[in-house]
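**Student:** Here you go, sequence then predicted model.
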Amino acid sequence: MFTYLMKHLPANKYLAGISNVFIMLLPVSLISSFSLLASNGATLLNWTDVSYELNTISSLIAQLFPVLLVVFFSQYLASLHKQPVIAIITSSVLLYFIICFQWDLFHEGSLIPINFPFAIFIPIAVSFFYQYLQLLSIFRDTHLPNVVERSINLVISVCIVISILLGISYGTKFVILDALHLTLMMPRLDPMSLFDGIIYEFTRGVLWSIGVNGHVILASYKIELFRITSESLALIETGSGTIPILTSNFYDFYTGMGGSGNTLSLVICVLLFAKNKGYRTLAKAALLLSIFNINEPILYGLPIMFNPIMIIPFLLTPIVGLLIAYFATLWGVVPPIMGVISWMTPPIIGGYLGTDGAISGSILQCIIILIGIAIYYPFFMRMDKLSMGKTALDSLTERFFSSEKIDTTKAIGSYIPHLSINMAAQKTVEHLHKTGDFILYYQPQYDVDKQKVISLEALIRHCSYSGHITPPTFIDSFSELGLLPELDFWVLEKAIATANNYAHDPDFKISVNVSPETVLVPTFLTTVMQLIKRSSLRFEQLELEITEELLIKDEKETKKTLNKLRELGITIALDDFGSGYSSIAYLSRFDFDKVKIDRSLLLNIGTERGRKLFSLAVELGQITGANIVVEGAESKDEVDFIQSLGISCIQGFFFYKPMAIEAIIELGLVTLQDEQVA
Ligand code: C2E
Ligand code: MG
Ligand code: MG
C-alpha cells in the first residue's frame, strides 16, 4: 500500500508542483542556512555585531521562504490550469497574509507569517475557485487590448475569489476553533515520552518525503522540548532536578546527523559506493553542508522526496538512531545530552560537547552513523542501479533551471514548470518567440457547383521580423511542451475576432483546427461559447476541425464536449480522414457534420486501386450523412476526378492557397459590412 502510494504520488500534479517549487527555492534555504552557519562562526569568534546581522539576515530570508512558496506555487498552478498568473498570485499572497492573521498565526514580533500548510493550501484553493468562476463564466482573462480593462478584470476577479475564500476561512475557523474548541495544528505530543518521540521523528520524515518542511511544521514540539531542557538545566544549576533523556540536542545529535533522516550516513554511503558519477558529484558537493547538518541538496537533488525507494531508509534510520541512543543513555552507557548548543554542531564534536565532554558520546554517534550507512546501503544501491544513464545532477539542474525559459510576454507561451522538458522543443518555441510573431492564414474551401467559398480554414503561420513565413512545422514542439491548448485558444480568439468582421454574411463560415489536448481542457466549451457570444457570429458560423488522434485520448469526455458543441449549432468536421488507422471506427462512434478526405488518398488516384480506395473513403463518409470535403487538390485532373464522384466541396491549391486575410479581401472572397451597406 505504502509503496503503491509512493509510486503514484509523484504523478500527482499538485505534489509534483510542490516538490518542483521547493527545488526552485533551494537557493533561498541554502542562503538562509549559510548565513546561519556564518552567524554561528561569528559568535565563536566573538564578533557579536556580525553574528547578529547574519542571524537577522538568515531569519529574514527564512521568513520570506513561505511567501515565495505561495508565489511560485501559485504561478505553477496558474500554468497548470491555464489561468491568469497575476490574478492567482495576487489573490493567494493577499489571502495568505489575511488568513494567517485571521487564524492568529503570526509569530511574535514578526510581520510575516510562517505557515507552510497554508502556503500550500491557499494557492490550491484559489486556483480551484478561479476555475469554477471561469466555468460559470463570471469572468475570465480575456486578452483585452487595453491595460486598464485588464486591471479592472483583475480587480474584480481577485475580489470575488478573496471574498469567497475569506468567508470559508471565517466559517471554518468559527466551527473548528471557536465552536468546537479544537486547537489547530498537530496532535499534542509529550516531549518526554519515547513513543511520542518516535511519532515525532516519523511524522517529520513523512512530511519531508512529500516535500514539506517537517521541521518547521512540527516546530512547537521542538520549542516545548527546548523549554523543558532549559528549565531542567536551570534546576540542575541550583542543585536539584535531573536532565531528561530526550532533550532538544538529543534529536540533533542522534537523529539529525547531516540533517533530518541522519542523512550524513547516506552521503557517506553515496561517496563510498555509488557507481553513478552524478550521485558522487552531488554527494561531494553536499558533504560540507552535511557536516553542519544541512541536507536540502540531498533531499531535493538525489532526490529523497517522492522517491519510493529512498523514503523507507529515510524514515527508518533516525528511528533506529533514536532507539539506540535512548537505551544507551537509559542504561548509563553514555551520559545524557546536557548542553543546549547549536544544531549545526558537526557530528562527533556534537556528541562530545553535548555529553559534557564524554568520548562515549562521540563513539555512539559514530556507531549510529555506521548503522545508518548499513540501512541506507541496499536501498541506495537499488537506486544507483536504476539510474542508468540519467545522473542525479542532470535531473537536479534540469528541474532547477528549465522552468523559466518560455517567454510569458507574448500571446502564446507560458511558464510551465514541467519536471522534464524537452529542450529541443523548448529551443524551437523560444526561437519562434524571439524572432517573430504568430499570424493566421486562411484557406478557402470551395464549392465547385455553387461556385462560391463555403468556409475559410484558419491555419497558423510564423512570421519572422524579416517577413519570412513558416508553415506549422512547429506544432509538434508546442505539443511536447504541453502548450498546444494555449496555441489553439489563441488561434480561436484571433480567428473569431477576424471572422467577426464578416459575420453579417449569412453564408460566411470559419473553420478552426483543434488539437487533441484542447478539447479536454475543462474550460474549452465555455471559452468557445463566450468567444462566439461576444462576437456577432452565430454558432452555426463556426466549424471545429478535429483530428482522429484526438478521439483516442478520452473518448467519453471528448464525445460529451463535441455533442454539447453540436447542440449549440457549431459544426464538427473530422479532419484528415483516411490518413490514420481507425477512421472507420470513429465514423460509427461519433457524429460529424463534415468529413475531410486527406490529401494522401488523392496522391494515388493515378492507379485503379487508388481510385477505388478514394471513392470508398468518400462513400464511407457519406454513409454517416456527413458532408464531404476533399483536401489538397492541386491539378485539374484531381478536381475532375473528385467531381466525377459527385463531390463538389474542395480545399486545395488548385483553387486557393492559404493566404493572409488581406489577400482574401482583395480577391473579394469576403465582404466587409460597410461595403455591403454602400
Ligand atoms: P489540416 O488541418 O489538414 O490543414 C490543411 C493542410 O493542407 C494545410 O497545411 C494546407 O496548407 C495544406 N493544403 C491545402 N491544400 C493543399 C494542396 O493542394 N496541396 C498541398 N500539398 N497541401 C495543401 P498547413 O497549413 O501546413 O497545416 C498543416 C496542419 O497543421 C493542418 O492540417 C493542421 O492539422 C495543423 N494546423 C495548422 N494550423 C493549425 C492551428 O491553428 N491549430 C492546430 N491545432 N493545428 C493547425
Ligand atoms: Mg484542418
Ligand atoms: Mg487535413
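**Tutor:** That came through, no problem. Ligands and ions are numbered 1, 2, ... in the order given.

**Student:** most distant residue from the middle of this protein?
**Tutor:** Among the C-alpha atoms of the chain, the one farthest from their average position, using CA atoms, centre = their mean, is that of residue 239, at 57.9 Å.

**Student:** my guess is that one is in a helix, correct?
**Tutor:** No: under DSSP: H, G, I helix; E, B strand; the rest coil, residue 239 sits outside any helix and is assigned coil.

**Student:** In three-state terms, label residue 307 for me.
**Tutor:** Using three-state DSSP, the three-state assignment for residue 307 comes out as coil.

**Student:** is it true that it touches residue 379?
**Tutor:** No: counting by CB atoms under 8 Å, residue 307 does not reach residue 379; the two are 9.4 Å apart. For the C-beta atoms, the positions are set from N, CA and C on the backbone; glycine is no exception.

**Student:** Give me the more crowded residue out of the two.
**Tutor:** More crowded of residue 307 and residue 379, by other CB atoms under 10 Å: residue 379, with 21 against 17.

**Student:** any idea how far the more buried one lies from ligand 2?
**Tutor:** Here the distance between residue 379 and ligand 2 works out to 52 Å (CB to the ion, to the nearest Å).

**Student:** From residue 128, how far out is residue 153?
**Tutor:** 20 Å (CB to CB, to the nearest Å).

**Student:** give me phi/psi at residue 332?
**Tutor:** phi 80, psi 10 (degrees, to the nearest 10).

**Student:** And residue 659, by the same measure?
**Tutor:** In this entry, residue 659 is assigned phi and psi values of phi -150, psi 170 (degrees, to the nearest 10).

**Student:** The closest residue to it other than its chain neighbours in helix, strand or coil?
**Tutor:** Spatial nearest neighbour of residue 659, chain neighbours left out: residue 441 (5.8 Å); criterion: CB to CB, 6 or more residues apart in numbering. Here residue 441 is recorded as strand under three-state DSSP.

**Student:** With the one 4 residues further on instead?
**Tutor:** Secondary structure for residue 445, judged by three-state DSSP, is strand.

**Student:** what residues are up against it?
**Tutor:** Contact criterion CB atoms under 8 Å, 6 or more residues apart in numbering gives 453, 454, 455, 456, 457, 511, 629, 649, 650, 651 as the residues in contact with residue 445.

**Student:** From the residues you listed, list the buried ones, please.
**Tutor:** Of the members of those, the ones counted as buried by neighbours, 16 or more other CB atoms under 10 Å, are 453, 454, 455, 456, 457, 511, 629, 649, 650, 651.

**Student:** who's in contact with the first one?
**Tutor:** Looking back up the chat, that one is residue 453. The contact partners of residue 453, by CB under 8 Å, 6+ apart, come to 444, 445, 446, 447, 669, 670.

**Student:** If we use 10 Å, what do you get?
**Tutor:** Contacts here follow CB atoms under 10 Å, 6 or more residues apart in numbering; on that basis residue 453 touches 442-447, 507-509, 651, 655-656, 664, 667, 669-670.

**Student:** List, out of those, those positioned next to ligand 1.
**Tutor:** Here is what survives when those are matched to ligand 1 using CB under 6 Å from any ligand atom: 443, 651.

**Student:** Neighbour-wise, which one of the contacts of residue 453 leads?
**Tutor:** Neighbour max across these (other CB under 10 Å) = residue 651, 26 neighbours.

**Student:** With adjacent residues omitted, what lies nearest to that residue?
**Tutor:** Residue 651's closest residue in space is residue 445 (CB to CB, 6+ apart), at 4.3 Å.

**Student:** what's the spacing between that neighbour and residue 590?
**Tutor:** Going from residue 445 to residue 590 by CB to CB gives 21 Å.

**Student:** pLDDT score for residue 355?
**Tutor:** The per-residue pLDDT reported for residue 355 equals 90.

**Student:** burial count for it?
**Tutor:** Residues within reach of residue 355, counting by other CB under 10 Å, total 23.

**Student:** List the buried residues of the one helix or strand residue 101 maps to.
**Tutor:** Under the assignment given by DSSP states H and E, the secondary-structure element containing residue 101 is helix 85-102. Buried positions in helix 85-102, judged by neighbour count with 16+ other CB under 10 Å: 85-100.

**Student:** how distant is it from the center of its chain?
**Tutor:** Distance, stretch centre to chain centre, for helix 85-102: 19 Å (CA atoms, centre = their mean, to the nearest Å).

**Student:** Next: stretch 195-215.
**Tutor:** 25 Å.

**Student:** for that stretch, what is the average pLDDT?
**Tutor:** Per-residue confidence for stretch 195-215 averages out to 83 on the pLDDT scale.

**Student:** now swap in stretch 221-229 and tell me
**Tutor:** 83.

**Student:** List the buried residues of it.
**Tutor:** Judged by neighbour count using 16+ other CB under 10 Å, the buried positions of stretch 221-229 are 221, 222, 224, 225, 228, 229.

**Student:** Show only the entries of these found in helices.
**Tutor:** 221, 222, 224, 225, 228, 229 (DSSP state H).

**Student:** Pull the most distant pair out of those residues.
**Tutor:** 221 and 229 (12.4 Å; CB to CB).

**Student:** Give the residues shared as contacts by these two.
**Tutor:** Among the neighbours of residue 221, those also in contact with residue 229 (CB under 10 Å, 6+ apart) are 191, 248.

**Student:** Count residues in the vicinity of residue 663, would you?
**Tutor:** Counted by other CB under 10 Å, the residues lying close to residue 663 total 14.

**Student:** So which residues on the chain come close to ligand 3?
**Tutor:** For the chain, the contact set with ligand 3 under CB under 5 Å from the ion comprises 575, 576, 631.

**Student:** what do you get if the cut-off is 8 Å, keeping everything else the same?
**Tutor:** Listed as neighbours of ligand 3 in the chain under the rule CB under 8 Å from the ion: 545, 547, 575, 576, 579, 596, 598, 599, 631, 632.

**Student:** and which of the residues you listed is nearest to ligand 1?
**Tutor:** Out of the residues of the chain next to ligand 3, the one with the shortest distance to ligand 1 is residue 632. That distance is 3.9 Å, counting by CB to the nearest ligand atom.

**Student:** and the closest one, how many neighbours does it have?
**Tutor:** Neighbour count of residue 632, defined by other CB under 10 Å: 18.

**Student:** Who are the contact partners of it?
**Tutor:** Residues in contact with residue 632, defined by CB under 10 Å, 6+ apart, are 596-603, 638, 650-654.

**Student:** Restricting to these, which residues neighbour ligand 2?
**Tutor:** Of the residues in the contacts of residue 632, proximity to ligand 2 by CB under 8 Å from the ion holds for residue 596.

**Student:** hang on, residue 372 packs against residue 321?
**Tutor:** Yes: judged on CB atoms under 10 Å, residue 372 makes contact with residue 321 at a distance of 6.7 Å.

**Student:** what touches both of these two?
**Tutor:** Taking CB under 10 Å, 6+ apart as the contact rule, residue 372 and residue 321 both touch 255, 257, 261, 262, 265.

**Student:** Name the nearest residue to the first one, ignoring sequence neighbours.
**Tutor:** In space, not counting the residues next to it along the chain, residue 255 is nearest to residue 318; the distance is 3.8 Å by CB to CB, 6+ apart.

**Student:** Checking that neighbour next. Helix, strand or coil?
**Tutor:** Three-state secondary structure (criterion: three-state DSSP) places residue 318 in helix.
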